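Colleague: sequence and predicted model, in that order:
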Protein chains: 2
Amino acid sequence: MATGRTHRPATRSRGIPEATVARLPLYLRALTALSERSVPTVSSEELAAAAGVNSAKLRKDFSYLGSYGTRGVGYDVEYLVYQISRELGLTQDWPVVIVGIGNLGAALANYGGFASRGFRVAALIDADPAMAGKPVAGIPVQHTDELEQIIGDNGVSIGVIATPAGAAQQVCDRLVAAGVTSILNFAPTVLTVPDGVDVRKVDLSIELQILAFHEQRKAGEETGQAGPEAMEGPEDTAPASPARPTATATDRKGPDGDVPAVMPA
Amino acid sequence: MATGRTHRPATRSRGIPEATVARLPLYLRALTALSERSVPTVSSEELAAAAGVNSAKLRKDFSYLGSYGTRGVGYDVEYLVYQISRELGLTQDWPVVIVGIGNLGAALANYGGFASRGFRVAALIDADPAMAGKPVAGIPVQHTDELEQIIGDNGVSIGVIATPAGAAQQVCDRLVAAGVTSILNFAPTVLTVPDGVDVRKVDLSIELQILAFHEQRKAGEETGQAGPEAMEGPEDTAPASPARPTATATDRKGPDGDVPAVMPA
DNA sequence: ATGTCTTTGTGAACGCGTGCACAAAGATGG
DNA sequence: CCATCTTTGTGCACGCGTTCACAAAGACAT
């Protein structure tokens, strides 16, 4: 899960559970597909299958929004599409800026899912002066200097950061100072933001590493081994590789000079 | 959170909690930065701050890996980098294929985070014959016909899907049939896979919708309203908009012709 | 060698999310 | 108008994840 939004503790007074909110877009997508096929109603079972979730979970999720189903029949597709859209705030238009128009930023700008779901790319912003004026996805790129102006003029409250990691925090700070209160971060960094600002992160590298973990686990199970940690035996005897640090911590160089070829950068 | 991997129930016998696994890459990144600055040791407090998590959580996470810290001192940075890398399976090389070399696929291919973390782009695959042979990020694109061959020859077990939604399931099926057991899906679709195959999804549109929800909530709180659902009063009286479906479900058209301008597609 | 001080590792409590299983609601047919 | 059948809405229990708070462990100074 590009997981990790800045944790708002008790503010979610009587609202919808976070886990439910995260699934609403999934339901909406499935419902939209049904709507296009002019399917009038759908049962929780069918919809759950289409969204890839448990039907009881789906019904409970919908129960937080209110009682929108009809017993013995199911849910009215159009009505549900509207209710979920409204709940998610998609009945209004959200201007969005994308900062950092490299490979990824350009891909995001070209992504169709933006405009089709209540989001509008208000501006593309890049620090490279050579990019300025160049159209990407039909929108001319603007220079970072104009960031505050753009945010203010367009009433932008959602910003997408697609810059290198080094620039992300600085860009973030400027976005927040200019009035942005929701940030989608594609840069591989932890962003620090003031209270009241939401951050969600999407991190390819993290996702791959999680997959690698499970992949290794699977490979281990095949051969009878259970992975690197469960090497049999009550005490985990550290492998021969980098020795456990035994010297007093004043040894500044660390236990072993040649750590394996991990993390070249 | 690009959440949602296919749920492996009890297989995780005595392993590391999923939530912990998801944070390990975060710790690893912070530790790598410290390592580059030649910091020898770090306390749970410092590292937790760098990774943006609670220090108690971090200590508990590390406790699942074993006791790698020294009381009164902290953790040895190099040693911890090695342990986490090993746990995540990054001490070995993971060949990866990217299928669908559009804007996004190209951006992913160019992403530096791949090679630097134990992952190697083994091949780029696209269905468009015009793309074949064209180099992207220094790697020639190959045609979908060769997918099975490539997977087999390179022993690829991780696949990245960056195709349009319509093609994703089909590509997924072919990847799985060819031996891939971990999939990172960027296409906005729910993928169905057999047991034993892990899927993680990254979905820009969903992340934005979640942000929009909170954004709307914030805007509502400012004006004293608490959002669309909590409209005051015990019973949620449906708003004037699309009327609640009252007609019998045989009314195929739905309750109201003009659903607001949501979901053009 | 002994005391003090720092920091880890973890027991325990709590809250959230999930899934089961069933009663209530309503449609449908006779 | 009543019986039957389908499907929703939810009470309940369970398990995972988070957080607090503290005892144990070890470094460091004297």
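Modeller: On my side now, so go ahead.

Colleague: what helix or strand is A:Lys57 on?
Modeller: helix A:55-65 (DSSP states H and E).

Colleague: flag every buried residue along that helix.
Modeller: A:Leu58, A:Arg59, A:Asp61, A:Phe62, A:Leu65 (16 or more other Cβ atoms under 10 Å in any protein chain shown). For every residue, glycine as well, the C-beta is placed using N, CA and C.

Colleague: could you dump the residues you listed to CSV with pLDDT?
Modeller: Formatted as CSV, the buried residues of helix A:55-65 follow (pLDDT from 0 to 100):
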residue, pLDDT
A:Leu58, 98
A:Arg59, 98
A:Asp61, 98
A:Phe62, 98
A:Leu65, 96
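
Colleague: near DNA strand D too, which of those?
Modeller: Residues of those in contact with DNA strand D (Cβ under 7 Å from any atom of the strand): A:Arg59, A:Phe62.

Colleague: okay if I get the buried residues of helix A:55-65 as a markdown table plus distance to DNA strand C?
Modeller: Below are the buried residues of helix A:55-65 laid out as a markdown table (distance: Cβ to the nearest atom of the strand, whole Å):
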| residue | distance to DNA strand C |
| --- | --- |
| A:Leu58 | 9 |
| A:Arg59 | 7 |
| A:Asp61 | 8 |
| A:Phe62 | 13 |
| A:Leu65 | 14 |
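
Colleague: ok so, going back, so does the helix holding A:Lys57 get close to chain B?
Modeller: Yes - Helix A:55-65 reaches chain B (Cβ under 8 Å from any Cβ of the partner chain) through A:Leu65.

Colleague: next: stretch A:109-119.
Modeller: Yes - judged by Cβ under 8 Å from any Cβ, stretch A:109-119 comes into contact with chain B at A:Asn110, A:Tyr111, A:Gly112, A:Gly113, A:Phe114, A:Ser116, A:Arg117, A:Gly118, A:Phe119.

Colleague: and A:Ile151, how many neighbours?
Modeller: Look at A:Ile151: counted by other Cβ atoms under 10 Å in any protein chain shown, it has 24 neighbours.

Colleague: just the CA trace of stretch A:83-90, in CSV.
Modeller: What follows is stretch A:83-90, C-alpha atoms only, in CSV (Å, rounded to 0.1, in the frame of the first residue of the first chain):
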residue,chain,number,x,y,z
GLN,A,83,-23.2,8.3,-3.4
ILE,A,84,-19.6,7.1,-3.5
SER,A,85,-18.5,9.9,-5.8
ARG,A,86,-20.1,12.4,-3.5
GLU,A,87,-18.5,10.8,-0.5
LEU,A,88,-15.1,10.8,-2.1
GLY,A,89,-15.5,14.4,-3.1
LEU,A,90,-15.5,13.7,-6.8
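
Colleague: where's A:Asp198 relative to B:Phe62, distance?
Modeller: Relative to B:Phe62, A:Asp198 is positioned 28 Å away (Cβ to Cβ, to the nearest Å).

Colleague: looking at this, A:Val180 is in a helix?
Modeller: No - in this structure, A:Val180 is coil, not part of a helix, as judged by DSSP: H, G, I helix; E, B strand; the rest coil.

Colleague: touching, it and A:Gly155? I think so.
Modeller: No - counting by Cβ atoms under 8 Å, A:Val180 sits too far from A:Gly155 to count as a contact (10.4 Å).

Colleague: more neighbours, these two?
Modeller: Between A:Val180 and A:Gly155, A:Val180 has the larger neighbour count (other Cβ under 10 Å), namely 24 against 10.

Colleague: the nearest residue to the more buried one once chain neighbours are set aside: which element?
Modeller: The shortest distance from A:Val180 to any non-neighbouring residue, by Cβ to Cβ, 6 or more residues apart in numbering or on different chains, is to A:Gly159 (4.3 Å). Using DSSP H and E, A:Gly159 maps to strand A:158-161.

Colleague: paired strands for that strand, with orientation please.
Modeller: Here strand A:158-161 is paired, per DSSP bridges, with strand A:94-99 (parallel), strand A:182-185 (parallel).

Colleague: single out the most deeply packed of these.
Modeller: Ranked by mean neighbour count, the strands paired with strand A:158-161 are led by strand A:182-185 with a mean of 26 (mean count of other Cβ atoms under 10 Å in any protein chain shown).

Colleague: partners of the biggest strand by length in chain A in the sheet?
Modeller: Determined from DSSP state E, the single longest strand within chain A is strand A:119-126. Strand A:119-126 sits in its sheet next to strand A:94-99 (parallel), strand A:139-143 (parallel), going by DSSP bridges.

Colleague: ok, which stretches of chain A are strands?
Modeller: So, for chain A - with DSSP E - the strands run A:41-42, A:69-70, A:74-76, A:94-99, A:119-126, A:135-136, A:139-143, A:158-161, A:182-185, A:198-201.

Colleague: between those, which gets nearest to B:Pro129?
Modeller: strand A:135-136 (26.5 Å; Cβ to Cβ).

Colleague: what comes into contact with that closest one?
Modeller: A:Ile101, A:Gly105, A:Ala106, A:Ala109, A:Asn110, A:Leu124, A:Val141 (Cβ atoms under 8 Å, 6 or more residues apart in numbering or on different chains).

Colleague: how distant is it from the center of its chain?
Modeller: The chain centre lies 25 Å from the centre of strand A:135-136; the measure is Cα atoms, centre = their mean, to the nearest Å.

Colleague: tell me the mean pLDDT over it?
Modeller: Strand A:135-136 carries an average pLDDT of 98.

Colleague: if we can go back for a sec, quick one: closest of the strands paired with strand A:158-161 to B:Gly72.
Modeller: strand A:182-185 (35.9 Å).

Colleague: that closest one - what's its average pLDDT?
Modeller: 98.

Colleague: quick one: name the residues of the stretch 1-150 of chain A near DNA strand D.
Modeller: Selection of the stretch 1-150 of chain A residues close to DNA strand D by Cβ under 7 Å from any atom of the strand yields A:7, A:43-45, A:55-56, A:59-60, A:62-63, A:67-75.

Colleague: sorry, back to before: which of the residues of stretch A:109-119 next to chain B sit farthest apart?
Modeller: The largest separation in the residues of stretch A:109-119 next to chain B, counting by Cβ to Cβ, is between A:Asn110 and A:Gly118 at 18.0 Å.

Colleague: out of those two, which sits in the busier spot?
Modeller: Comparing A:Asn110 with A:Gly118 by other Cβ under 10 Å, the one with more neighbours is A:Gly118, at 21 against 16.

Colleague: all helices of the stretch 101-250 of chain A, in order?
Modeller: Using DSSP state H, counting those that start in this stretch, the helices found in the stretch 101-250 of chain A span residues A:103-110, A:147-154, A:165-178, A:204-222.

Colleague: reformat these as JSON lines; add mean pLDDT.
Modeller: Below are the helices of the stretch 101-250 of chain A laid out as JSON lines (pLDDT from 0 to 100):
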{"stretch": "helix A:103-110", "mean pLDDT": "96"}
{"stretch": "helix A:147-154", "mean pLDDT": "98"}
{"stretch": "helix A:165-178", "mean pLDDT": "98"}
{"stretch": "helix A:204-222", "mean pLDDT": "91"}
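
Colleague: not counting residues beside it along the chain, what's closest to A:Val197?
Modeller: Per Cβ to Cβ, 6+ apart, closest to A:Val197 is A:Thr181, 5.2 Å.

Colleague: how about the contacts made by the one you found?
Modeller: Going by Cβ under 8 Å, 6+ apart, the list of residues near A:Thr181 reads A:Ser157, A:Gly196, A:Val197, A:Asp198, B:Glu215, B:Lys218.

Colleague: measure it to B:Arg59 for me?
Modeller: In this view, A:Thr181 and B:Arg59 are 32 Å apart by Cβ to Cβ.

Colleague: now swap in A:Val202 and tell me
Modeller: 27 Å.

Colleague: only C-alpha atoms, please: export stretch A:187-195 in CSV.
Modeller: As requested, C-alpha coordinates have been extracted for stretch A:187-195 and formatted as CSV (Å, rounded to 0.1, in the frame of the first residue of the first chain):
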residue,chain,number,x,y,z
ALA,A,187,10.0,10.8,-4.5
PRO,A,188,11.7,8.2,-2.4
THR,A,189,11.9,10.3,0.7
VAL,A,190,10.0,10.7,4.0
LEU,A,191,8.3,14.1,3.8
THR,A,192,7.8,16.1,6.9
VAL,A,193,4.7,18.3,6.9
PRO,A,194,2.8,20.3,9.5
ASP,A,195,-0.4,19.0,11.0
